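>>> Give the three-dimensional model of this entry:
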Amino acid sequence: MTASFLRSIAALALLCLCVVSAQAVAASHGKNVLLVVRKDGKSLAYDQKIEQHLAARGFTVTLYDQYQPAAKAKDFDLVVLSSTVRSRDLLGAYRDTPVPLVTWESDLLDDMGMSGKHPDTDFGKTDKQHALWLVNAPHPLAAGLPAGIVNVYVKNAPMNWGKPGLGASIIATLAGEPEKVAIFGYEKGATMDYETLAPARRVMFFLDNETFDNLTPEGYKLFDAAIDWALAR
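Now for the predicted structure:
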């Protein structure tokens with residue numbers, strides 16, 4: 001076997017690898033994400049970590065202050081509402097946004113029509129938690145993880161949760177508290193709270209203000225799955 005033949009094989013293998021890598025980047029290329037935060041808040045550095053994570057996956061991310069016009073959202077492929085926002089000032093500003101949306105701010109769920117209106121019953125936060133009970137493993141939002149208990153935080157930390165409407169796909173609940181749903185999603189047109197219909201895909205995730213870098217590898221997989229499913233990728 002000649003040296004030139006071996007070099008040709010090596011070059012072909014490298015080309016194939018480059019094509020696969022390019023396809024992975026292309027899946028995110030051109031997708032514009034509006035990350036809505038409170039820019040004058042103390043947790044901005046954690047939102048910037050999320051921005052960097054999404055950018056590393058190939059998304060174009062705009063860090064957007066909550067006090068800027070919500071109408072801008074229609075120009076993006078995905079809206080992400082961080083829990084660092086001051087919810088009482090934002091309320092339902094993005095409720096009717098006709099593009100996919102992901103949030104982990106439980107205090108916005110009622111304003112967004114994604115849950116009922118009773119604090120600590122329809123939505124809330126638990127202070128010390130690190131595990132979820134994955135109950136819908138076949139769904140893409142489950143990131144290919146097996147059903148059962150999954151550790152999503154490295155150490156105990158706050159988690160947001162909600163009680164979704166009948167049209168939701170329930171993916172995971174707080175461990176030992178099945179009535180508190182940590183990850184759920186609505187398809188476009190699905191019934192959310194009462195008669196509210198989802199204008200586009202909607203996802204609730206469990207993060208809190210400063211917990212993104214506390215995620216385990218499984219937690220990051222679930223986060224990426226939430227973004228990807230919302231975008232119907």
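>>> Distance check, residue 198 against residue 185.
According to Cβ to Cβ, to the nearest Å, residue 198 and residue 185 sit 9 Å apart. Where you see a C-beta, it was placed from the backbone N, CA and C, and this is true even at glycine.
>>> Of these two, which one has the most company?
Between residue 198 and residue 185, residue 185 has the larger neighbour count (other Cβ atoms under 10 Å), namely 28 against 22.
>>> List phi and psi for that one.
With angles defined as degrees, to the nearest 10, residue 185 sits at phi -140, psi 150.
>>> what does residue 139 give?
The phi/psi pair for residue 139 (degrees, to the nearest 10) is phi -70, psi 140.
>>> what stretches of the chain score poorly on pLDDT?
Flagging of the chain using pLDDT under 70 yields the residue ranges 1-29, 233.
>>> at 90 what do you get?
Applying pLDDT under 90 to the chain picks out residues 1-30, 194, 232-233.
>>> What segments of the chain are helices?
For the chain, the helices defined by DSSP state H cover 3-28, 44-56, 87-90, 217-230.
>>> Would you pull up how far the third one lies from the middle of the chain?
Averaged C-alpha coordinates place helix 87-90 at 20 Å from its chain's average position (Cα atoms, centre = their mean, to the nearest Å).
>>> ditto for stretch 135-145
The answer for stretch 135-145 is 14 Å, by Cα atoms, centre = their mean.
>>> what's the first-to-last distance across that stretch?
Length of stretch 135-145, first residue to last, Cα to Cα, to the nearest Å: 10 Å.
>>> Can you report how many residues neighbour the nearest residue to residue 222 once chain neighbours are set aside?
In space, and not counting its chain neighbours, residue 222 is closest to residue 143: 5.0 Å by Cβ to Cβ, 6 or more residues apart in numbering. Residue 143 sits with 22 neighbouring residues when counted by other Cβ under 10 Å.
>>> Quick check: residue 143 touching residue 225?
Yes: with contact defined as Cβ atoms under 8 Å, residue 143 reaches residue 225; the gap is 3.8 Å.
>>> As a check, name the ranges of all strands in the chain.
32-37, 60-65, 78-81, 101-103, 123-129, 131-134, 148-151, 157-162, 169-174, 177-186, 202-204 (DSSP state E).
>>> for those, which one sits closest to residue 212?
For residue 212, the closest of these is strand 157-162, at 10.3 Å, according to Cβ to Cβ.
>>> Next, the angle strand 177-186 makes with the closest one.
Inter-element angle recorded for strand 157-162 and strand 177-186: 70 degrees (by axes from the mean of the first three to the mean of the last three Cα atoms, to 10 degrees).
>>> what are the C-alpha coordinates of strand 157-162, in PDB please?
Output of strand 157-162 as PDB, limited to C-alpha atoms (Å, rounded to 0.1, in the frame of the first residue of the first chain):
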ATOM      1  CA  ALA A 157     -30.100  24.800  44.400                       C
ATOM      2  CA  PRO A 158     -33.400  26.500  43.700                       C
ATOM      3  CA  MET A 159     -35.700  25.200  40.900                       C
ATOM      4  CA  ASN A 160     -38.700  26.900  39.300                       C
ATOM      5  CA  TRP A 161     -41.800  24.800  38.500                       C
ATOM      6  CA  GLY A 162     -45.300  25.100  37.300                       C
END
